[in-house]
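Chemist: Any chance you can model this:
(one chain, ligands or ions: 1)
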Amino acid sequence: MPELPDVQIFKQYFDATALHRKIVDVLDCDPKLLADLSQQKLSRRLKGKAFSETRRHGKYLFGRFENKGVLVMHFGMTGFLRVFKEKEKAPEHVRLLLQFKDGYYFAYDSKRRLGKIAISETMEDFIAEKGLGPDALELSDDGARFAEQLKGHRGSIKGLLMNQEVLAGIGNIYADEILFLIGWHPKKKAGDLNEQELKRLAAKTHHILETAIDRGAGEKGWPASWLLPRREAGRSCPRCSGTIQRITLAGRGSYYCPDHQA
Ligand SMILES: [Zn+2]
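Modeler: Coordinates of the predicted model:
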C-alpha cells in the first residue's frame, strides 16, 4: 500500500513526466474514485490547463494546475501513475485517463479502486478539510515539534504512528519498520513515552523515511537490517536471534520480533 515514501516516488515520477503539458481531454474517470466530483466537472477544471507543480502531504499527492486549483490523488492500496504514448502501453486498471496536447496520456491506475481523486482550491484547504496532521517527513525533522505533536495520546504507539490526524504519511508497513528498528513492541503504550523517547522516535522515523525514499521505495532494494524484506511470520530476525511474529493490532497484521522489541 502506498505510504509516504511511495507517494514521494510518485511525485518524482509526476514531476519528470507530467508537468507543463497541456491537457486536452479527460478520457476516462472511474466515478467510484471521484468523491463528490463528476467527470464533467473534472474536465471543466482540467481541460486546456497544464500542471505547474506538485506537492505531497502524507499519503496525498497534489498536482497544481494553471490558474487556481489542485488535482488531489490518494493511491489507496494499489494505485500508481503512468505516462505513455501508445495506448497499448496503458496499464491494466486505468481509473483516470488524461490526454496531453502532445499525444501522450496520463493514467492513474488502481487495481482495487480504493484510492481517491478530488479537486481542491489549494493543498492547505484540502488538508484542513480532511483534518490531516503534519507531514511525517517534515515533522520528524524537528524532534521537539514531533514530541509536542505526539505526546499525551492514549492507545498503542503503532496506532498513534498510523493516525493520519496526528501524523500524516505512515501506514502499517512503515509503522512496523520504525518500531522494529527502534526496538519497541507495537502495543507499547503511547502515553508512557517521555520527551526524550519521542525525540528518539522522531530521529528514527526521519531516517527510515529518507532512506526509503533514497532507495526508490524499495526499487533499489532494502537495507539488510530492515524488517521490510522479511515481513513474514517465522522468518529469522536480522538484528537478533529472534523469530518474526504476526499479531493483529487495530485490525491490521503487525510484524515484529518478540526478542528485541519490548
Ligand atoms: Zn530481533
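Chemist: Can you name the helix or strand that Phe106 falls in?
Modeler: Here Phe106, judged by DSSP states H and E, is contained in strand 105-110.
Chemist: tell me what that strand is packed against?
Modeler: strand 79-84, strand 94-100 (3 or more C-beta pairs under 8 Å, 6 or more residues apart in numbering; DSSP states H and E). Backbone N, C-alpha and C define where each C-beta goes, glycine included.
Chemist: do that again at 10 Å, thanks
Modeler: helix 4-17, strand 23-29, strand 70-74, strand 79-84, strand 94-100, strand 116-120 (3 or more C-beta pairs under 10 Å, 6 or more residues apart in numbering; DSSP states H and E).
Chemist: For the ion, which of those is the nearest?
Modeler: Across the helices and strands packed on strand 105-110, the ion has its closest neighbour in helix 4-17 (22.9 Å, C-beta to the ion).
Chemist: Just want the angle from the closest one to strand 79-84.
Modeler: With axes from the mean of the first three to the mean of the last three C-alpha atoms, to 10 degrees applied, the angle from helix 4-17 to strand 79-84 works out at 20 degrees.
Chemist: Put the alpha carbons of helix 4-17 into PDB.
Modeler: Output of helix 4-17 as PDB, limited to C-alpha atoms (Å, rounded to 0.1, in the frame of the first residue of the first chain):
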ATOM      1  CA  LEU A   4       4.700   8.400   2.300                       C
ATOM      2  CA  PRO A   5       7.900   7.100   0.600                       C
ATOM      3  CA  ASP A   6       6.000   5.500  -2.200                       C
ATOM      4  CA  VAL A   7       4.000   8.700  -2.800                       C
ATOM      5  CA  GLN A   8       7.200  10.700  -2.800                       C
ATOM      6  CA  ILE A   9       8.500   8.500  -5.600                       C
ATOM      7  CA  PHE A  10       5.200   9.000  -7.500                       C
ATOM      8  CA  LYS A  11       5.800  12.800  -7.100                       C
ATOM      9  CA  GLN A  12       9.200  12.500  -8.600                       C
ATOM     10  CA  TYR A  13       7.700  10.500 -11.500                       C
ATOM     11  CA  PHE A  14       4.900  13.000 -12.000                       C
ATOM     12  CA  ASP A  15       7.500  15.900 -12.000                       C
ATOM     13  CA  ALA A  16       9.600  14.100 -14.600                       C
ATOM     14  CA  THR A  17       6.700  13.200 -16.900                       C
END
